[in-house]
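**Student:** let me see the structure of the following:
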Amino acid sequence: MKETNLKQGFYLVLLKAMILLSAFSIIGNLAVGYPLSLNIKWIFLLVLAVCSILYERHRGFSDRSKFLFFLVLTGIVLPFGFIDAGGSNSFTIAYVFFLLIVASYILDGWYRNTIIAVIILAFIGVHTYAHYFPERIPILDPGSFFVDQLIQVPIVLFLSFLVVRYFADAYYQTNRRLMQLAHFDELTGLLNRRNFNDILQKQFESGNHNGHLIMLDVDNFKMINDKEGHLAGDDGLKRLGAILRRYFDNGKNMISRWGGDEFIIIYFGESGHVETVLEQVKAEFKDYVKNIEPKVDLSFGIAPLQGCQTPNDVLAKADQVMYEKKREKKNS
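**Tutor:** Numbering: from 1, shown residues only. Predicted structure coming up:
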C-alpha cells in the first residue's frame, strides 16, 4: 500500500470517526439534559466533517483541504469546546494528544508544523484564559460531569483504538508485501533468486543430497520482446511459471525464476520420470508460443545433488548440460 493512499484512507476514517463522535455526544448531551448550547461545538464538528468528506470525494484529496480542516478544528472547535465543557475539568487534553498524533501523520512539511504550532498555542491560550477568567468558565454539576465521563472517555478510547488498529493493519499489509517482494518473483510468483539460493545452500548444509537440480532457459526469448513487445514477453514468462507450478509444485520441489528467462527447480521425485515431465512442460509451452514466435523453444539441464560439494558445483553441472543441449539444437 502506497503511503499516499494510506494517509488518504486514514484521513477518511478520521472524518467518519468525527461524525460518530459528534452524533454520540449530541445524543448523550440531550439524554443527560445538558443545555442545547453545549451541542453547538458538536453540531459544528459534525457539519465540518460531513462537508470535508463531500469535498474530498468531489474534488479529490489535497494537502490544502486537510490543512484547513485541522486549522478550523484546532483553532476554533478545540478552544470553544474547552471553554464550553468546563475548562480544565474537561477532556480537552485527551483530544489534544489525539490530534497531535493524527496531524503528525496525515500532514507534511509546513502544513504539519503549522498545525502542531496552532495546537500548542491553542492549548496554552485556553488554559491561560481559564486561569485569568475563571468566572467565564461554566461549572458542571458532579452528576452531569460523571455522565459526561461515561460518554466522552469511551469515545476517546474508541477513537484511539481506531488509530492504532488502522496503523497495525497498514503495518501488517506493508510488511506482508515487503516479505513477498523479498522472497518471491513479482512477475511469476515463484521463488526469487536470493530466496532460492538460500534454500539450496541450506539443502547442502543439511546433508540431504537426494534431489536433482533442473535448470531451464527459454531459447530465442528476445524474439518475443522484439516482435510483440515486453508485455507479451512477460505474459510468456508468467505462463511458463504457471506450467512449472502445475507440474512440479507438490509441496516438496522448489521452483524459482532465477533471472530473466531462466528458471530453476530442486526436484525430489523419480530421476527417470523427470525428463518425461520436462518434455511435457516443453511441449505445452511451445504450443502456447507457436502463434507468437515459432522459433522459441525450451532447453533444460539436470544434475544430481549427490556428488556435489557446494551449490555452485551442482549449478555449474546443470548449466553445462543445458548448454550442451543448446549446442546440439544449433548443430542439428
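
**Student:** which parts of this protein are helices?
**Tutor:** Counting by DSSP state H, the chain has helices at residues 3-32, 40-59, 63-72, 78-84, 92-106, 109-132, 142-183, 193-205, 221-228, 230-248, 271-289, 311-331.

**Student:** most packed of those?
**Tutor:** Using mean count of other CB atoms under 10 Å, the stretch among the helices of the chain with the greatest mean number of neighbours is helix 78-84 (a mean of 20). C-betas here are computed from N, CA, C, even on glycine.

**Student:** tell me, please, where in this protein the pLDDT is lower than the cut-off.
**Tutor:** The model of the chain has pLDDT under 70 over residues 1-5, 84-101, 103-104, 138-153, 156.

**Student:** how is it divided into domains?
**Tutor:** Taking automatic domain parsing as the criterion, the chain consists of the domains 3-182, 193-331.

**Student:** end to end, how far does the shortest one reach?
**Tutor:** Looking back up the chat, that one is domain 193-331. End-to-end distance for domain 193-331, by CA to CA, to the nearest Å: 31 Å.

**Student:** distance from that domain to the middle of the chain?
**Tutor:** 32 Å (CA atoms, centre = their mean, to the nearest Å).

**Student:** equivalent analysis for stretch 54-70, please.
**Tutor:** Stretch 54-70 sits 23 Å away from the centroid of its parent chain (CA atoms, centre = their mean).

**Student:** same check on stretch 8-15?
**Tutor:** For stretch 8-15, the distance to the chain centre is 16 Å (CA atoms, centre = their mean).

**Student:** so what touches that stretch?
**Tutor:** If you take CB atoms under 8 Å, 6 or more residues apart in numbering as the criterion, stretch 8-15 is touched by 49, 52-53, 56, 61, 66, 69, 102, 105-106, 162, 166, 170.

**Student:** with stretch 254-267 instead?
**Tutor:** Applying CB under 8 Å, 6+ apart, the contact partners of stretch 254-267 are 185, 187-188, 190-193, 195-196, 199-200, 203, 211-218, 221, 237, 240-241, 244-245, 248-249, 253, 274, 302, 305, 318.

**Student:** can you rerun that using 7 Å?
**Tutor:** Residues outside stretch 254-267 that contact it (CB atoms under 7 Å, 6 or more residues apart in numbering): 185, 188, 190-193, 196, 199-200, 203, 211-218, 221, 237, 240-241, 244-245, 248-249, 253, 274.

**Student:** okay, buried residues for that stretch please.
**Tutor:** For stretch 254-267, burial by neighbour count (16 or more other CB atoms under 10 Å) applies to 254-258, 261-267.
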